[in-house]
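Student: this one's sequence-less:
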């Protein structure tokens, strides 16, 4: 690994990033991940993404975190709960990617399934926001429907008035003609 062997570096990333083991050490995992950053191993991307997201190893840089985590987001088994949480957070906030509550909800669900503590609270928050948006859209649609019905009613009333006035004007001419 010290001599630049990518496979050995990837092995050390996995070794130190095993959160279920006593050997877990994000700093060491991050060190080896940065050594083999060009690797196609998704765990390398997750380690670097988390290190930029939580500030534990590197200075917080959400853009870098999202870029790294995005490289692994399609490989659900490689993502741990913390990685899922941060992807959900990035999609919820929309600061480093387009805001998507559906994507946020998806990644928060994964975080919960992977037993990440902050996942449940975040998932509920996103679900409440989605429900509020749904209710607001429903209320807006009802208001637009009422306005359209009112406009149609006004148009019909105007049409009836025009017909009535034309009919009235026509009767008046008849009387005048009849007198002539």
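Tutor: Cool, the structure landed. Here the structure is a predicted model, which is why all the values come from computation and not from measurement. Numbering: from 1, shown residues only.

Student: Now do the helices in this structure.
Tutor: Listed in chain order, the helices of the chain (DSSP state H) span 6-17, 26-35, 42-54, 62-72, 81-93, 101-113, 119-179.

Student: most centrally placed residue in the protein?
Tutor: By C-alpha atoms, centre = their mean, the mean C-alpha position of the chain lies nearest to residue 100, the distance being 1.8 Å.

Student: picking up where we left off before, turn the helices of the chain into JSON lines, including mean pLDDT.
Tutor: Formatted as JSON lines, the helices of the chain follow (pLDDT from 0 to 100):
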{"stretch": "helix 6-17", "mean pLDDT": "70"}
{"stretch": "helix 26-35", "mean pLDDT": "70"}
{"stretch": "helix 42-54", "mean pLDDT": "78"}
{"stretch": "helix 62-72", "mean pLDDT": "83"}
{"stretch": "helix 81-93", "mean pLDDT": "89"}
{"stretch": "helix 101-113", "mean pLDDT": "92"}
{"stretch": "helix 119-179", "mean pLDDT": "84"}
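
Student: Would you format the ones you listed as CSV with mean neighbour count included?
Tutor: Any C-beta I mention is one placed from the backbone N, CA and C, and that applies to glycine too. Listed next are the helices of the chain as CSV, based on neighbours: other C-beta atoms under 10 Å:
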stretch, mean neighbour count
helix 6-17, 18
helix 26-35, 20
helix 42-54, 24
helix 62-72, 19
helix 81-93, 23
helix 101-113, 20
helix 119-179, 11
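
Student: Now do the contacts for residue 60.
Tutor: 52, 53, 54 (C-beta atoms under 8 Å, 6 or more residues apart in numbering).

Student: And it, how close does it get to residue 131?
Tutor: 31 Å (C-beta to C-beta, to the nearest Å).

Student: same check, this time on residue 123
Tutor: 13 Å.

Student: before we move on, what about residue 95?
Tutor: Taken as C-beta to C-beta, the span from residue 95 to residue 131 is 23 Å.

Student: who's in contact with residue 45?
Tutor: Per C-beta under 8 Å, 6+ apart, neighbours of residue 45: 68, 69, 71, 72.

Student: With residue 94 instead?
Tutor: Shown in contact with residue 94 (C-beta under 8 Å, 6+ apart): residue 100.

Student: now do residue 54
Tutor: Residue 54 makes contact with 60, 82, 86 under the criterion C-beta under 8 Å, 6+ apart.

Student: Residue 63: what's its closest spatial neighbour, skipping adjacent residues?
Tutor: Spatial nearest neighbour of residue 63, chain neighbours left out: residue 96 (4.8 Å); criterion: C-beta to C-beta, 6 or more residues apart in numbering.

Student: before we move on, back to that, pop out the phi and psi values for the residue nearest to the centre of the chain.
Tutor: The phi and psi values for residue 100, taken as degrees, to the nearest 10, are phi -150, psi 100.
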